[in-house]
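Enquirer: got a structure for you, letters missing:
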């Protein structure tokens, strides 16, 4: 997530310049051929208008859908924040404390395992999918802290909150976060068996676990189900076709002007092509909110702030700092 | 569901080439008649612009609705994932285990029957409806594994999780998944009667059953209620009418040019017709997310991952592999 | 609901031909007057474009809203399906069965009264409202089964599930379904008073009743609150005004052509007028999903499938057949 | 709410004629000045097209938002209907009736106070806000019954359901409905203290009170938070600017025609200006669904139907009639 | 929030005049250069139309998203109102009062701490973020009361409801509202430990705390996650590019007119540029509903009305006045 007021013009341009340059190159070729052969292979602009407007609609629809995906992803992580606080206060205030026993270690274990759940979920969500952009470590130059943590791997982060034996067990399973929550349910069952929570509170704690399963499943749903590729692909191809026609359409307009203006076809084609591809690209780079890209929902940062909040609740030591903003990006 | 980054251009074209070819053919006829008779039956482009924009709006609305159906279908199956995990942990951790008895077989039976519910629901959802595209087995050449499972039939899959007698009983009923859930409710009632779960946990388990009924009912709703045919049909017919006028409109523009350009009417008509029908077709092939088509929500794969997750929870043997991606498609 | 793949072109045209014919007639008059008087009362097309696009937007908004109403109506009836199953399994599995008593008659009575609730709700929803289309029995020629049931009246259907005395009592009240649910609540209270359900299950059953009240109330809300007439009326009038201007605008374009082409104004006006009114009409005929029209949400059929499902749950006899599709329509 | 099929054309026109007349007047002045001075201060239509389409978009967005507000308001009142029925059946069937005591008066008091809550909420919602249209009594000529009740004041209506002393107490508070619900919670507490409801049912009844607070708060939210004025104002001003340019644009088109046609600028300007202002006005008059306007959500009528339904449940006497439709309007 | 009917034209213009003035200035330069050099560097308007319409779409999408953020923010604060009332009545009516003890002080403390939670949340939400507009105190001239309270700081407001020691403890934590709710949960636990609330009511009160965590987390989500900057930035840059081309496009149109009209390019460019930037700006100033701007959701006023409502419920003294409207603004 970029957190400054606006991406600068230059930054925006640099990020999307390819389509502009190809646009210039493509229209230059057309103009040169025209100049050399003298054949005015032009297209009238009127039908292009209709195609252009239809394409703009279609891109609007796609941008809208991409935005909705990002926003839903953020909502889900908002729910993870909320349910984490609910879970922590439930653990801290619902147990039946008998004879001066306050079960501090037990509470801490449950909250630590909860943090392990969030961290392992975050990792699972940022594994690369076949429809996502291909960002390797080398692309993440602007966020070195994030990159460093990524290099250290999941285990190092989890070992802060889990003991090694438990971790090994999870690693034999396919879906680690799902199994961590199952483990939490088993621990809660033990609380009930030992009489620390009543029948009724047992169910309420299981309902909180159920909410956490919902949060996890919703995040996985967005991760595992792309914007349907048929929609995305058609957006791309009709943008290409429309842009391929633009220089012919502009040439048709400029051809009646003086010699000089014919060359105007080139920059103006470049500009229009750039604007359409920019609109296409914006949706394209926002549709996968967990791909480990600069435009991601900042789940590393959200995870960290949950860690801080919950560990402050149990008056823990060595609470980490908030995740840093680097070069305007928050991951 | 296609899981690669984009449908290739050629693949997209091949899938939708019919409208392009008919467009070429249709406009060729018009140009030939014009050439032969010399009668300039042209239409001005200006009113066609307005119709074209109106049609593009209408298609945008339809595409949006189709997308919403697909997305809602995916959400429902996401909820099935979540509620399955909740159900499994409830069964695993809420029973009152007395005197060293851990009820392992009983738990396994309930979880197995739950998996049978999902499988039978998946089958019911993929039965062909009168408004869906007609995909017979021969069309599913790209996903042989899926096709093979389909050929084996529901019984074979269910017998992994149910005994033959129980299966026979379900087969006398109209709605198998609905009756499986009823059976689950009866089994839970027995748990209560035997004192394994308390009054209160009995209700919570019934509430989970109620959520599963919701999930099933929502999936059936999307299956059984198409995008209202009046909307879909009008989209189709106004696209036809608009496209039928296109060559006349283009001829009107090109007729003032030199001889050569009149022939341009043909490819340009073909292209515009293709773009409009492509937009129409994209919605049309996405509006039924359970029709057993390549663009389906991948419910076979989701079912499989629930099987893996739940069976790992009970440390089961012979856990199947994830459903394969074949030729870029996941079913 | 129409359940075939598409309304045929001819069917669509027949249903909406009025506007086409009036369009032809109206533009013919204009052309004749022009021919006779020679006064070229034409309008430039450019401003008409802007009006046309604005009207297309407005109709798009209205179609969208109508679609949302239909879809919401279907969702509500989906919820009725789900909550009916939940209610039935609750009745079947939550009662405390003592000493071999299984309360079969009592359960059947409760489930039968539930079916009576759905049927009476369906009747209430299909009473004609002052803003709905006026469909008398004579219009329902394509769905004779539906028509026959309609003629038999509510009482005949209810008497299958209620005894005559109870029915008479309901008929003294304004809102029959609402009073049936109250009766259910009273019957459940009796179960509690007799010790068949505990305090806690009593509340859960009341919560299910509360969900059913929600479903009923939501369906009544859509029935009793039309698409606000100010929006619908403006859509109609601005479509009229735009269409009234079309022939003048086309005449302006064609007037510069040869004699022959002036006559083209007539069919082209007819066509554009038809397309705009068709878009208007589609929304208009979809905005009231319970008006007893061919485009209705098929609540007769849904009711029937609930009857089948619930009666199969209690292994009942004489279970009726699914509601038939007649001439492509399902009611 | 208007309940007939459509607002008549004349009615629509009369309601919005101002903009048409001003449009005529304004364009007449321009034409006259042109005629007198001969200076052709015209504007080309092409850029006006773009502005016109942008304005149409913006108005579409605003109409959509207004519609959503109205629809949400109706949903909230639908929820009030549902929760009222749930509350009533809860009161009627959840109390523990010992020794032949059926607590009829007590139940009636609670249900009567509930009706008082709805009535006082309705009054609070129809107090005028600074951003609403200024409808005084004199404007409500078409709905005399509504007007009469309004004149009688809140007290008269409340005294049907509350005794005078209780009413006086509420009148010392800022938010009467909020305090009535608090009173209900206190009465329910008494039921618990007297052993008429158990611990568990006490909480369920408090949860119903909590739902009623939600309903009230949601209705107040729509009342107290207008469509953000910045959006509404920009819609108005850009419509003005666009309309101010229209006659110049039309003059530019007509100026090349014969003398006669220049005068056509006047009616055509009037018409286009009228259409745009009509679209603006429709949203404007629908954005405040509780302003006591003819387009209001009919909360007087809904209140009345709740009164009838709940009082029929307790077999009450003197049940009032449904709220009348007068001149096509239901309030 | 502005609460008058409309922002005046002058007010709107003053707020957005920059783009108009720059537009005039920019197009003047172009015209002057044209006049001096005589080089007609013009662009045809047709392709500009398509860009203009695409830009208008994109701005429409952005305005829609901004509006949704504002509306969601208002909904969340509506939920805070509702849940506050629920919490207050729960505290007031669910405690088990034994032997004439009514726990008035205890109830007051809990309700006062709840008010402290709302106030501290409000402060946290109005801390400046790096993507928000930079409003320092000097900008808030129209709302002096709000400004004064802001200057007094959080502590002064909190000390009304909390004792100094408790406040100090919160100030050592990162997220004050989150820790206040944890404190509430601990106080409720004490009630349970002392037997003032039962097991069951303890859970219900924890569920209300959980709802409050949801409300807080949702408000923080909107605060901490801007409208994705990539969308906002592209909106800005394509508006700039389109506006940069406008004078060239208009010059192309006017260049064929008489000398005089060429100068018309300047005001007309200014006007169109102003309209597009106005639409851009409206979204821009509505996308952060808690930035302490005049267009904010009025959370100071909502907080105050909750204070009044809850303190009236406990018959408190010195209840503050509603938050004033100043110069048409409510904060």
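Expert: Good, I have the coordinates. Computed from a predicted structure; not experimentally measured.
Enquirer: Where does chain A get nearest to chain C, residue-wise?
Expert: The minimum distance from chain A to chain C, using C-beta to the nearest C-beta, falls at residue A:53 (9.1 Å). The way it works is simple: take the backbone N, C-alpha and C, and place the C-beta from them, glycine included.
Enquirer: Next, work out how far apart that residue and chain B are.
Expert: Residue A:53 is 6 Å from chain B, where distance means C-beta to the nearest C-beta, to the nearest Å.
Enquirer: Count the residues that sit near that residue.
Expert: Residue neighbour count, defined by other C-beta atoms under 10 Å in any protein chain shown, stands at 22 for residue A:53.
Enquirer: tell me the pLDDT at it?
Expert: Note on residue A:53: pLDDT of 93.
Enquirer: Same question for residue A:260.
Expert: pLDDT for residue A:260: 63.
Enquirer: what about residue A:313, how many neighbours?
Expert: 21.
Enquirer: quick one: average pLDDT of stretch A:81-90?
Expert: The model assigns stretch A:81-90 a mean pLDDT of 97.
Enquirer: any residue of that stretch up close to chain B?
Expert: No - shown here: stretch A:81-90 not in contact with chain B (C-beta under 8 Å from any C-beta of the partner chain), separated by at least 12.8 Å.
Enquirer: cool, stretch A:210-226 as well?
Expert: Yes - counting by C-beta under 8 Å from any C-beta, chain B has neighbours in stretch A:210-226: A:210, A:213, A:214, A:216, A:217, A:218, A:220, A:221, A:225, A:226.
Enquirer: looking at this, the fourth one is in a helix?
Expert: So the one you mean is residue A:216. Yes - looking at residue A:216 with DSSP: H, G, I helix; E, B strand; the rest coil, it is inside a helix.
Enquirer: looking at the residues of stretch A:210-226 next to chain B, which has the most residues close by?
Expert: Per-residue neighbour counts (other C-beta under 10 Å) across the residues of stretch A:210-226 next to chain B peak at residue A:216, which has 26 neighbours.
Enquirer: State the distance from the residue of chain A found nearest chain D to residue C:172.
Expert: Residue of chain A nearest chain D, by C-beta to the nearest C-beta: residue A:53 (9.1 Å). For residue A:53, the distance to residue C:172 equals 61 Å [C-beta to C-beta, to the nearest Å].
Enquirer: Kindly report the same for residue A:203.
Expert: To residue C:172, residue A:203 is 43 Å away according to C-beta to C-beta.
Enquirer: More neighbours: those two, which one.
Expert: Per other C-beta under 10 Å, whichever of residue A:203 and residue C:172 has more neighbours is residue A:203, with 23 against 10.
Enquirer: my read: that one touches residue B:204, true?
Expert: Yes - between residue A:203 and residue B:204 there is a contact under C-beta atoms under 8 Å: 4.9 Å.
Enquirer: Just the pLDDT at residue A:56, thanks.
Expert: 93.
Enquirer: Let me know the secondary structure of it.
Expert: Relying on three-state DSSP, one would call residue A:56 helix.
Enquirer: contacting residues for the spatially closest residue to it that is not a sequence neighbour?
Expert: Of all residues not flanking residue A:56 in the chain, residue E:54 sits nearest, at 3.9 Å (C-beta to C-beta, 6 or more residues apart in numbering or on different chains). Contacts for residue E:54 (C-beta atoms under 8 Å, 6 or more residues apart in numbering or on different chains) come out as A:52, A:53, A:56, A:59, A:275, A:276, A:279, E:238.
Enquirer: from the residues of stretch A:210-226 next to chain B, which are also near chain D?
Expert: Of the residues of stretch A:210-226 next to chain B, not one also sits near chain D (C-beta under 8 Å from any C-beta).
Enquirer: Columns pLDDT on top of those, output as JSON lines?
Expert: Output for the residues of stretch A:210-226 next to chain B, formatted as JSON lines (pLDDT from 0 to 100):
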{"residue": "A:210", "pLDDT": "97"}
{"residue": "A:213", "pLDDT": "97"}
{"residue": "A:214", "pLDDT": "97"}
{"residue": "A:216", "pLDDT": "97"}
{"residue": "A:217", "pLDDT": "97"}
{"residue": "A:218", "pLDDT": "97"}
{"residue": "A:220", "pLDDT": "97"}
{"residue": "A:221", "pLDDT": "96"}
{"residue": "A:225", "pLDDT": "95"}
{"residue": "A:226", "pLDDT": "95"}
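Enquirer: what about the residue nearest to residue A:96 when sequence neighbours are not counted, helix or strand, and which?
Expert: Spatial nearest neighbour of residue A:96, excluding adjacent residues (C-beta to C-beta, 6+ apart): residue A:196 at 5.5 Å. Using DSSP states H and E, residue A:196 maps to neither a helix nor a strand.
Enquirer: Which residues are in contact with residue A:196?
Expert: Residue A:196 touches A:95, A:96, A:103, counting by C-beta under 8 Å, 6+ apart.
Enquirer: My read is that the second one contacts residue A:192, right?
Expert: I take that to be residue A:96. No - counting by C-beta under 8 Å, residue A:96 stays clear of residue A:192, with 10.5 Å between them.
Enquirer: and the residue nearest to residue A:123 when sequence neighbours are not counted, how far is that from residue B:182?
Expert: Spatial nearest neighbour of residue A:123, chain neighbours left out: residue A:154 (4.7 Å); criterion: C-beta to C-beta, 6+ apart. Distance from residue A:154 to residue B:182, counting by C-beta to C-beta: 43 Å.
Enquirer: now residue A:159: how far from residue D:167?
Expert: Distance, residue A:159 to residue D:167, by C-beta to C-beta: 66 Å.
Enquirer: out of those two, which sits in the more crowded spot?
Expert: Legend: neighbour count by other C-beta under 10 Å for residue A:159 and residue D:167, higher for residue D:167 (18 against 13).
Enquirer: how much space is there between the more buried one and residue D:84?
Expert: From residue D:167 to residue D:84 the distance is 20 Å (C-beta to C-beta).
Enquirer: which residues touch residue A:186?
Expert: By C-beta under 8 Å, 6+ apart, the contact list for residue A:186 reads B:92, B:93.
Enquirer: Excluding chain neighbours, what is closest to the most centrally placed residue in chain A?
Expert: Closest to where the C-alpha atoms of chain A average out (C-alpha atoms, centre = their mean) is residue A:289, at 1.7 Å. The shortest distance from residue A:289 to any non-neighbouring residue, by C-beta to C-beta, 6+ apart, is to residue A:73 (3.7 Å).
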